[in-house]
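[1] Fold the following for me, if possible:
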Amino acid sequence: MTDHPELGAIMNERRRLINLAYRLLGSLADAEDVVQETYTRWYGLSREQQEAIVSPGAWLTTVAGRICLNLLSSARARRETYVGEWVPEPLPDPREWLTGRPDGGTLDPADRVTLDESVSMAFLVVLEEMTPAERVAFVLHDVFRYSFAEVAGVVGRSTAACRQLASSARRRLRAAHPPAAPAARQARVVGDFKRAWETMDIEALVGLLDPAATVVADSGGLASAVLRPIRGAENIARSLTALSGRLRDLTFLESTVNGRPGLIAQEAGVTVSVYAFEVSGDRITHIWSIRNPGKLRAWR
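    Coordinates of the predicted model:
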């Protein structure tokens, strides 16, 4: 296969496919599996079949999109057995990603997801609430700018139906996703939150949290964490300060989480928790705490 004249062009599609699959699935590990399966199917074709495909990039996208659609359809059933809440896998700034894999291999730069508004944790959480068809239609059209005719080929519905799916997805986002505060303000609020938490200043914590703020923790049953969302500024502040004994051995650092200001907690130099925030105005409206070790490999 190495002498195939289209090999370079085919492999250059990898980054785009990783970016697409991560946005659709909320999991880098699953995205990598989807892309591997997509390439397996490509190389399973005969040379004649490959050469008959006018646009290999479009073919790869269609296959990856259909695999993601199938996975999304089964994901809801799988998550019914998940311990506690499920939160999308958090990603660091691409410049901070480590190059080592747990298996001793090297992380391909093409596996790094480009960060923008469409991978903010708040955005991904709303995507999780959509039907699989809505999610695929919206991401392909609104994020990756595919035509509805191309989307229809992935989703297996008419062009008009795909247009309606994307429209429904936009309404969900507008209803659940308020305009984000400017990045500098977000960073200031998250920094103030970090200092208030470290000093156990309950009054300051309450002041930084929206009265209806929510904290959701994801441990997958593999680390200590609350199994249900905590709602309300005062409840959250009390819960955070109640963790003072567990925080003695932790170091909190400000970091980029899915393209937004966030925090990480490290123990002996190893990241054990990642915190993503949604900030509206000068208040924190949502905090997502990811402690499942399987979702922190990009941070280690």
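[2] which residue ranges form the strands in the stretch 151-300 of the chain?
    When secondary structure is read from DSSP state E, counting those that start in this stretch, the stretch 151-300 of the chain shows strands at 209-218, 230-231, 251-257, 260-267, 270-280, 283-290.
[3] Mind putting those strands into JSON lines with distance to Ala180, mean pLDDT and mean neighbour count?
    The C-beta positions use only the backbone N, C-alpha and C, and glycine is treated the same way. JSON lines is the format used below for those (distance: least, C-beta to C-beta, whole Å; pLDDT from 0 to 100; neighbours: other C-beta atoms under 10 Å):
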{"stretch": "strand 209-218", "distance to Ala180": "14", "mean pLDDT": "97", "mean neighbour count": "20"}
{"stretch": "strand 230-231", "distance to Ala180": "21", "mean pLDDT": "98", "mean neighbour count": "16"}
{"stretch": "strand 251-257", "distance to Ala180": "13", "mean pLDDT": "96", "mean neighbour count": "17"}
{"stretch": "strand 260-267", "distance to Ala180": "8", "mean pLDDT": "96", "mean neighbour count": "20"}
{"stretch": "strand 270-280", "distance to Ala180": "7", "mean pLDDT": "96", "mean neighbour count": "22"}
{"stretch": "strand 283-290", "distance to Ala180": "10", "mean pLDDT": "97", "mean neighbour count": "22"}
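[4] Relative to Ala183, which of those strands is closest?
    Among the strands of the stretch 151-300 of the chain, the nearest to Ala183 by C-beta to C-beta is strand 260-267 (7.0 Å).
[5] Give me the residues contacting the closest one.
    90, 120-121, 180, 183, 186-187, 189-191, 193-194, 249-257, 271-277, 279, 299 (C-beta atoms under 8 Å, 6 or more residues apart in numbering).
[6] re the thing from before, tell me which of the strands of the stretch 151-300 of the chain lies nearest to Val125.
    The closest of these to Val125 is strand 283-290. By C-beta to C-beta, the value is 7.3 Å.
[7] now that closest one against strand 260-267, angle please.
    40 degrees (axes from the mean of the first three to the mean of the last three C-alpha atoms, to 10 degrees).
[8] Which neighbours in the sheet does strand 283-290 have, and how are they oriented?
    Applying DSSP bridges, strand 283-290 is found paired with strand 209-218 (parallel), strand 270-280 (antiparallel).
[9] Tell me where the model's unsure across the chain.
    Residue ranges of the chain with pLDDT under 70: 1-8, 77, 96-112, 115.
[10] quick one, helices of it?
    7-11, 14-25, 28-43, 47-51, 56-79, 121-128, 132-138, 148-155, 159-176, 183-198, 202-208, 233-241 (DSSP state H).
[11] Could you dump these into TSV and include mean neighbour count and distance to Ser219?
    Below are those laid out as TSV (neighbours: other C-beta atoms under 10 Å; distance: least, C-beta to C-beta, whole Å):
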stretch	mean neighbour count	distance to Ser219
helix 7-11	12	36
helix 14-25	23	20
helix 28-43	18	17
helix 47-51	11	44
helix 56-79	17	14
helix 121-128	22	16
helix 132-138	24	25
helix 148-155	20	34
helix 159-176	16	24
helix 183-198	17	19
helix 202-208	17	22
helix 233-241	17	15
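[12] Out of the ones you listed, flag the one nearest Pro94.
    That would be, of the helices of the chain and by C-beta to C-beta, helix 14-25, which comes in at 10.7 Å.
[13] which helices and strands does that closest one pack with?
    helix 28-43, helix 56-79, helix 121-128 (3 or more C-beta pairs under 8 Å, 6 or more residues apart in numbering; DSSP states H and E).
[14] quick one: it to helix 56-79, angle?
    Between the axes of helix 14-25 and helix 56-79, defined by the same axes, to 10 degrees, the angle is 30 degrees.
[15] Helix 14-25 to helix 121-128, inter-axis angle?
    70 degrees.
[16] one step back: could you dump the strands paired with strand 283-290 to a markdown table with distance to Arg135?
    Formatted as a markdown table, those follow (distance: least, C-beta to C-beta, whole Å):
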| stretch | distance to Arg135 |
| --- | --- |
| strand 209-218 | 19 |
| strand 270-280 | 19 |
